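# Quick check, what structure comes out for this input:
(3 chains)
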Amino acid sequence: MTALLTDLNPEQLEAVTWPHQSALILAGAGSGKTRVLTTRIAYLLQSGLTQPQNLLAVTFTNKAAREMVARISTMLPINIRGMWIGTFHGLCHRMLRAHYEDAGLPQAFQILDMADQLAVIKRILKERSLDEKVLAPRQLQWFINNAKEEGLRASQVDTRGSFNRTLAECYQVYEAVSMRGGTVDFAELLLRCYELLSRNEILRDHYRGRFEHILVDEFQDTNRLQYQWIKLLAGSGSQQHAAIFAVGDDDQSIYAFRGAHVGNMRDLEKDFSVPKIIRLEQNYRSQGNILDAANALIENNKGRLGKNLWTAAGKGESVRIYYAATDVDETSFIVDEIKALHAEGLSLSEIALLYRSNAQSRVLEHGLFNASISYRVYGGMRFFDRQEVKHALAYLRLVASPDDDNALLRVINFPPRGIGARTLEQLQDQAEILGTSLWQAALKVCEGRKAVTTRGDQPGRGIAGFVNLVLSMQQACEGQPLPEIIRRVVDQSGLVAHYQAEREGNNERLENLKELVNAATSFVHEAEDDSLTAFLAHASLEGGEHQAEGYQDAVQLMTVHAAKGLEFHSVFISGLEEGLFPHENSRNEPNGLEEERRLMYVAMTRARQRLYLSYAESRMLHGQVRVNVPSRFVDEIPEELLKRLRSSGFSGAGYRQGLSGTGQNTVSTAYSRQGRGKHTPVSAAVRVAPQGLNTAGLHIGQQVSHTKFGTGTIVNYEGNGSDMRVQVNFHQTGTKWLSLTYAKLVPL
DNA sequence: CGCCAGAACATTTTT
DNA sequence: TGTTCTGGCG
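Numbering: from 1, shown residues only, chains lettered A, B, ... in the order given. Here you go, the predicted model:
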């Protein structure tokens, strides 16, 4: 016990040993938030105050949940099985699976991710022949998810006005379609679970009796429904059974745009009569100047719960700021600094390049690539989102739950088997008439057809071919272990054959299909429930993070949002310009500027030792050069904390002057940069500059020679790793795309 | 049914 | 500018 509590500062100790009563912990960046959370759990268990099965800990990401499990396991020798640790969606999903009948769901209900949901919505809009200009699919998706997060069903939303009525009607159709297909979207997981608990007294009492402690991570990011769910589980007022231990930081609330409601912090305080907020203000990450700068910045926000980070470490280095003439200049400054840091022995993975929006990564990538610096870009496409994987998953869904229209539509003609728009329309009409799923309609069509004639039906093609395929898959999978099921379905689906038959560029796809089998194999080892349905749920809920890429020493490029929760020795925040950061769109949002400021606060507090801020006077954006004014956030940092670096050609005028203008006037287009050509779908989240033997020292502008084509200049590149291709302008034969794996290019 | 050209669009994002 | 989506044509 004592070992557990040593090295905690007084506030951390107070939080960890807090009595059985709800608490709100205001945990600043780098203040040991996760440590407090996990130590609290270990403390409760070790001191016998509670049992594992009486604990529920909820996070937002699977990564955070895993980290929590891992840390508790190292602290305690006990088996933490029985404890409910997971994401909101994961825990709700668990409850719904356990009580699917009470929740009114089929046993094999499937989870729709955002893309699946959007596809359903597009279909609904098309069927109702609603013009996309009148109602954009995304808008309807947003509306439905929002309604659900407010706890509203289609019958409960506002129907005043024709537009609202249209929205409500579409929502109603969407509900019906979901019901029939047995599908549940992300928001539905939460709402369904909430409704289940609020309606079913027996279940509610069961869970209330069970959970004595509910711990919530990143509480500032909870939306209204999530908070209601927590409240329901804990029971409030005289009904309160569980103590809520909420940890969060209002200054790091950066997800309002997706429904996060910081107000939940104050609500919790009130609803659960939290006697006092515990503030964790001692920072163990950054040096003094960095914290002072961040504190000064965030001070400009109103209505904060209030907090001031401090450190026992020294002042450290000044915050460096660089004013560049152009984005290219900004990039070359950053590249030079990275080279210098690397030369001093700092590993590249300790350097982060942060930006407000993804579009900014391009210039940076270009610069890094040309300097042969390895880098990794976060936020690419997730494994389970890839086209070929989604196709395979759709077949698997049909095996598990053939009434899922979305899955059916995705693969009914992929690989192509002669089912065109016409046939599909007939099938949809048929389903409409019968009031059934497309699958049922397809079965009917086949039966009828068989009775009349099979003439003209080539085996394996048409509706009959598809129906037979799915039926035989279902048969082949009966009683098989999961990896075998996947292997058979992938094989029988014809996906592999299809991709093999296509020329070029499908190696990665084929690899991913193999990888899917591997994913299933490791899933079987890890999960308690190794059914197909469980695997499909895993694919939807824990999609991306399976791809733990091997460690590579590379500079880390990501948006500020993606950087939350991470830390680095050195951090570059680029593009500090009005209109970019703060982003111009934030002007139209309520409290938009304050959210942008919090974003900046998050960005700054990622740095341990060294923080660079940079600004470019002119920048290429959307194909036009724009001239910008420095971000107001730079001016909010006290001068004495800054060390100004200057580019030689910069006029110097502009900063610390009137910031009233929007700062976006278009000037010349006399500007050139290497384009990147058509660009393969950048599916990989990782793009690492060539370093190996074959590719060492290659960069744009490099002269190379090729045995067949002679000499030329590298003008472009695309892809990554073994798939990387370069475009070479050969003096004799013109430009050619060459794969680095096959072509023997010799640098000159 | 597939391909290509032209248009439209362009914060942030996890589950 | 780059990327994605759509519609028309072969």
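# Which residue ranges of the stretch 101-250 of chain A form helices?
Counting by DSSP state H, counting those that start in this stretch, the stretch 101-250 of chain A has helices at residues A:114-127, A:137-149, A:162-181, A:186-199, A:201-210, A:224-234.
# do you know which of the ones you listed lies nearest DNA strand C?
helix A:114-127 (7.3 Å; Cβ to the nearest atom of the strand). Heads up, the C-betas are built off the backbone N, CA and C, glycines and all.
# Taking helix A:137-149 as reference, get the angle to that closest one.
When axes from the mean of the first three to the mean of the last three Cα atoms, to 10 degrees is applied, the directions of helix A:114-127 and helix A:137-149 differ by 110 degrees.
# any idea how far helix A:114-127 is from the chain center?
In this view, helix A:114-127 has its centroid 21 Å away from the chain centroid, taken as Cα atoms, centre = their mean, to the nearest Å.
# what residues are up against A:F143?
Counting by Cβ atoms under 8 Å, 6 or more residues apart in numbering, A:F143 touches A:167, A:171.
# would CSV of the helices of the stretch 101-250 of chain A with mean pLDDT and distance to A:V496 be doable?
Shown next, in CSV, are the helices of the stretch 101-250 of chain A (pLDDT from 0 to 100; distance: least, Cβ to Cβ, whole Å):
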stretch, mean pLDDT, distance to A:V496
helix A:114-127, 88, 23
helix A:137-149, 93, 32
helix A:162-181, 92, 27
helix A:186-199, 97, 31
helix A:201-210, 95, 45
helix A:224-234, 97, 41
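# Switch those over to JSON lines; also include distance to A:Y551.
Shown next, in JSON lines, are those (distance: least, Cβ to Cβ, whole Å):
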{"stretch": "helix A:114-127", "distance to A:Y551": "30"}
{"stretch": "helix A:137-149", "distance to A:Y551": "36"}
{"stretch": "helix A:162-181", "distance to A:Y551": "41"}
{"stretch": "helix A:186-199", "distance to A:Y551": "31"}
{"stretch": "helix A:201-210", "distance to A:Y551": "40"}
{"stretch": "helix A:224-234", "distance to A:Y551": "34"}
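# hang on, A:Y551 is in a strand, isn't it?
No: under DSSP: H, G, I helix; E, B strand; the rest coil, A:Y551 falls outside any strand and is assigned coil.
# quick one: the closest residue to DNA strand C within the stretch 251-400 of chain A from A:E617, how far?
Residue of the stretch 251-400 of chain A nearest DNA strand C, by Cβ to the nearest atom of the strand: A:R362 (6.2 Å). Distance from A:R362 to A:E617, counting by Cβ to Cβ, to the nearest Å: 19 Å.
# Can you pick out the residue with more neighbours from those two?
Between A:R362 and A:E617, A:E617 has the larger neighbour count (other Cβ atoms under 10 Å), namely 24 against 15.
# Is DNA strand B within reach of the helix or strand harbouring that one?
Assigned by DSSP states H and E, A:E617 belongs to strand A:607-621. No: using Cβ under 7 Å from any atom of the strand, strand A:607-621 never reaches DNA strand B; the gap is at least 8.3 Å.
# could you point out which element follows that strand?
Strand A:607-621 is succeeded, C-terminally, by strand A:624-627 (DSSP H and E).
# For the residue sitting nearest the centre point of chain A, give me its contacts.
In chain A, the residue lying closest to the centroid (Cα atoms, centre = their mean) is A:G379, at 6.9 Å. Residues counted as contacts of A:G379 (Cβ under 8 Å, 6+ apart) are A:358, A:558-559, A:562, A:685.
# Any chance of those in JSON lines with distance to DNA strand B and pLDDT as columns?
As requested, the contacts of A:G379 are exported to JSON lines (distance: Cβ to the nearest atom of the strand, whole Å; pLDDT from 0 to 100):
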{"residue": "A:N358", "distance to DNA strand B": "3", "pLDDT": "94"}
{"residue": "A:M558", "distance to DNA strand B": "7", "pLDDT": "96"}
{"residue": "A:T559", "distance to DNA strand B": "4", "pLDDT": "97"}
{"residue": "A:A562", "distance to DNA strand B": "4", "pLDDT": "95"}
{"residue": "A:A685", "distance to DNA strand B": "10", "pLDDT": "34"}
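# List just the nearest of the residues you listed to A:Q387.
Set against A:Q387, the nearest of those by Cβ to Cβ is A:A685 (15.6 Å).
# Which helix or strand contains the single nearest residue of the stretch 51-200 of chain A relative to DNA strand B?
Proximity of the stretch 51-200 of chain A to DNA strand B (Cβ to the nearest atom of the strand) peaks at A:H89, 3.1 Å away. Secondary structure assignment for A:H89, by DSSP H and E: helix A:88-98.
# Same check on A:S705?
strand A:703-706.
# average pLDDT for that strand?
In this model, strand A:703-706 has a mean pLDDT of 72.
# That one packs against which elements?
strand A:710-718, strand A:725-730, strand A:745-747 (3 or more Cβ pairs under 8 Å, 6 or more residues apart in numbering; DSSP states H and E).
# near DNA strand B, which residues of the stretch 301-450 of chain A?
A:356-359, A:379, A:413, A:416-421.
# Same list, those residues, but as JSON lines with secondary structure please.
Output for those, formatted as JSON lines (three-state DSSP):
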{"residue": "A:R356", "secondary structure": "coil"}
{"residue": "A:S357", "secondary structure": "coil"}
{"residue": "A:N358", "secondary structure": "helix"}
{"residue": "A:A359", "secondary structure": "helix"}
{"residue": "A:G379", "secondary structure": "coil"}
{"residue": "A:N413", "secondary structure": "coil"}
{"residue": "A:P416", "secondary structure": "coil"}
{"residue": "A:R417", "secondary structure": "coil"}
{"residue": "A:G418", "secondary structure": "coil"}
{"residue": "A:I419", "secondary structure": "coil"}
{"residue": "A:G420", "secondary structure": "coil"}
{"residue": "A:A421", "secondary structure": "helix"}
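# Now list the buried members of those.
Among those, those classed as buried by 16 or more other Cβ atoms under 10 Å are A:356, A:358, A:413, A:417, A:419.
# now the second one, nearest residue through space, not along the chain?
Just to be clear, that refers to A:N358. Among residues not flanking A:N358 along the chain, A:T559 sits closest, at 6.1 Å (Cβ to Cβ, 6 or more residues apart in numbering).
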